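K.L.:
Requesting a structural model of the entry that follows:
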Amino acid sequence: MDTGLIFTVVVVGILALIGIYVVVVYNGLVRLRNMYKNAFSQIDVQLKRRYDLIPNLVETAKAYMGHERQTLEAVIAARNVASDARIAAAANPGDPAALSQLSHAEAGLGGVMGRLFAVSEAYPDLKANQNMMQLTEELTTTENKVAFSRQAYNDSVLAFNNKREVFPNNLVAGIFSFQEAALFEVEAEAERVAPKVQF
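P.N.:
Here you go, the predicted model:
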């Protein structure tokens, strides 16, 4: 057999193996990226549910807490900021700036919600209200679902980032512009503690 033909076959074989490797790595990165986006959509669903519960909670509390108008308005304002941040993060889950904004908004909302619950302790009729107890229970359940969804998202992001950063996958990730995805981390130390929601 001709040496030139053997060399050509070897080169074509090596290029084919490299091409197959690139396709496998690319498809794996796409699959992992889609997994973390899906995981964020689960967070998004739970956050939207929580944001939808908050106005009902405020309306129920408003009847009993007429003197606490400033607190109630702060809750609604923080809820609106967090809702806007949720929409921005959902448009590009994994974007560090969007997740940081969402995390800050969540910390602000958590702070004013804590203040609302602290103030509500002074209103025994509010604590005994059936609607308020039901809303509080739904809010607590939603908080737990948000925590589980956040963990699933962070696990998916970790798998994606690990695959993206190891050699030689990082070469393929760089060629096709797979950016590092950001974790959804708790920024405020107070937020690391589960909120105490009781009436």
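
K.L.:
the bottom helix or strand of the protein by mean pLDDT?
P.N.:
When each helix and strand of the chain is scored by mean pLDDT, DSSP states H and E, helix 124-128 comes last, with a mean of 75.

K.L.:
chain center to the longest helix that the chain contains, what's the gap?
P.N.:
Longest helix of the chain, by residue count under DSSP state H: helix 3-62. Distance, stretch centre to chain centre, for helix 3-62: 15 Å (CA atoms, centre = their mean, to the nearest Å).

K.L.:
So which elements touch it?
P.N.:
Identification of packing neighbours for helix 3-62 by 3 or more CB pairs under 8 Å, 6 or more residues apart in numbering; DSSP states H and E yields helix 69-91, helix 96-120, helix 130-165, helix 169-175. For glycine as for every other residue, the C-beta is placed from the backbone atoms N, C-alpha and C.

K.L.:
re the thing from before, and for the least confident helix or strand of the chain, what's in contact with it?
P.N.:
Taking contacts as CB atoms under 8 Å, 6 or more residues apart in numbering, the residues outside helix 124-128 that touch it are 60, 61, 64, 65, 120, 121, 132, 199.

K.L.:
Neighbour-wise, which one of those leads?
P.N.:
Using other CB atoms under 10 Å as the neighbour test, those are led by residue 61, with 25 neighbours.

K.L.:
thought that residue was touching residue 76?
P.N.:
No - using CB atoms under 8 Å, residue 61 is not in contact with residue 76, being 11.2 Å away.

K.L.:
Give me the distance between residue 114 and residue 75.
P.N.:
10 Å (CB to CB, to the nearest Å).
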